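# turn this into a structure:
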Amino acid sequence: SGKEPDGKSLVRLGSNSKAFAGHLLGGLAADGRLGLTDPLQRYAPKEVRVPGFEGRPITLLDLATHTAALPRELPLQPPPNSGPYAWPTDADRYAWLVDNPLPWAPGSIASYSNVGFDLLAAALATAAGSSYEELLRERITTPLGMADTTLSPTKEQCGRLMTGYGIPGADAEPCVSTVNIAGSGGLYSTADDMVLWIRHNLARQAPSAASTLALTHAPYVQRQALDAAIGFDEGGPM
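Model prediction:
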């Protein structure tokens, strides 16, 4: 684009968005609003029956640790002429889920899943009685002063979006709302905001953060205890 990037340049965080979903899960658990091992069924729409495997349900912790026996993406094609990030919606994910038995017991295998984190975001919103976007603002971005971390960038923020290059090029990443992939990869942010996020995560003894960070930073799944781990080793062994 010919524009030199700086700390205010807007970027897509992609899967780093998952860390924010995990933080919200830990924060709501620390406040007693939900339990880490609550079944997803508790926060699903009333008409939805979430599948389990031989009596083992999917829990919120399964979703947050990629152990819910869900695919990386929905194995479906979007409707014709769908806008960018307009599909799938939470309703689409639940509709697919009810018709597809789990291939193995949750908790036994880790398999990287964007579907799982978007279902987690939907469950967190239900537990909090708000939208996920509102929950993110209330519990993370406003308290930390992360004014450019958002799922719905303004025209001014879009004007600061870093322009991609190469193949497929910048047109593949339009600057639009990404609320439908909020938990898995939708967040926009800036380097300046991410410095605030990193400082927050390093301040583990701060009274306002200690209980949440104790939960969000704890290990819950040991790889050697799993039957398999799928989709984690692209950059080297996890």
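# which stretches in this protein count as strands?
Along the chain, counting by DSSP state E, strands occupy 11-12, 109-111, 188-189, 228-230.
# how many neighbours does G235 have?
Neighbours of G235 under the rule other C-beta atoms under 10 Å: 6. From N, CA and C alone the C-beta is placed, and that goes for glycine too.
# no, scratch that, I was asking about A206
By other C-beta under 10 Å, 12 other residues sit near A206.
# now swap in P79 and tell me
10.
# ditto for Q41
15.
# is it in contact with E47, as I believe?
No. Contact status for Q41 versus E47: not in contact, 11.9 Å apart, counting by C-beta atoms under 8 Å.
# which residues sit in contact with the closest residue to S17 other than its chain neighbours?
Nearest residue to S17, sequence neighbours excluded (C-beta to C-beta, 6 or more residues apart in numbering): L187, at 4.1 Å. Applying C-beta atoms under 8 Å, 6 or more residues apart in numbering, we find L187 in contact with R12, L13, N16, S17, F20, T149, T150, L151, T178.
# give me the buried subset of those.
For the contacts of L187, a burial check counting by 16 or more other C-beta atoms under 10 Å picks out R12, L13, S17, F20, T149, T150, L151, T178.
# could I get those as a markdown table with distance to G35 and pLDDT?
Formatted as a markdown table, these follow (distance: C-beta to C-beta, whole Å; pLDDT from 0 to 100):
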| residue | distance to G35 | pLDDT |
| --- | --- | --- |
| R12 | 32 | 94 |
| L13 | 28 | 96 |
| S17 | 23 | 98 |
| F20 | 20 | 98 |
| T149 | 27 | 98 |
| T150 | 29 | 98 |
| L151 | 26 | 98 |
| T178 | 28 | 97 |
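# which of those residues fall in helices?
S17, F20 (DSSP state H).
# how much space separates the residue nearest to the spatial centre of the chain from A203?
For the chain, the residue nearest the mean C-alpha position is G183 (2.2 Å; C-alpha atoms, centre = their mean). Distance from G183 to A203, counting by C-beta to C-beta, to the nearest Å: 24 Å.
# what's the burial count for the residue nearest to P106 when sequence neighbours are not counted?
Nearest residue to P106, sequence neighbours excluded (C-beta to C-beta, 6+ apart): D62, at 4.4 Å. If you count neighbours by other C-beta under 10 Å, D62 ends up with 27.
# and what of P101?
Look at P101: counted by other C-beta under 10 Å, it has 10 neighbours.
# what's around the spatially closest residue to it that is not a sequence neighbour, how many residues?
Residue nearest to P101 in three dimensions, not counting chain neighbours: P51, with 5.6 Å by C-beta to C-beta, 6+ apart. Neighbours of P51 under the rule other C-beta under 10 Å: 16.
# surely P51 meets N100?
Yes. Contact status for P51 versus N100: in contact at 7.2 Å, counting by C-beta under 8 Å.
# circling back: got a pLDDT number for the residue nearest to P101?
The score at P51 is 97. That number is its pLDDT.
# now do it against W104, distance only.
In this view, P51 and W104 are 12 Å apart by C-beta to C-beta.
# likewise for R49?
Going from R49 to W104 by C-beta to C-beta gives 19 Å.
# how about the helices in the chain?
Under the criterion DSSP H, the chain contains helices at 17-30, 60-64, 90-98, 114-128, 132-136, 142-144, 155-158, 191-202, 210-216.
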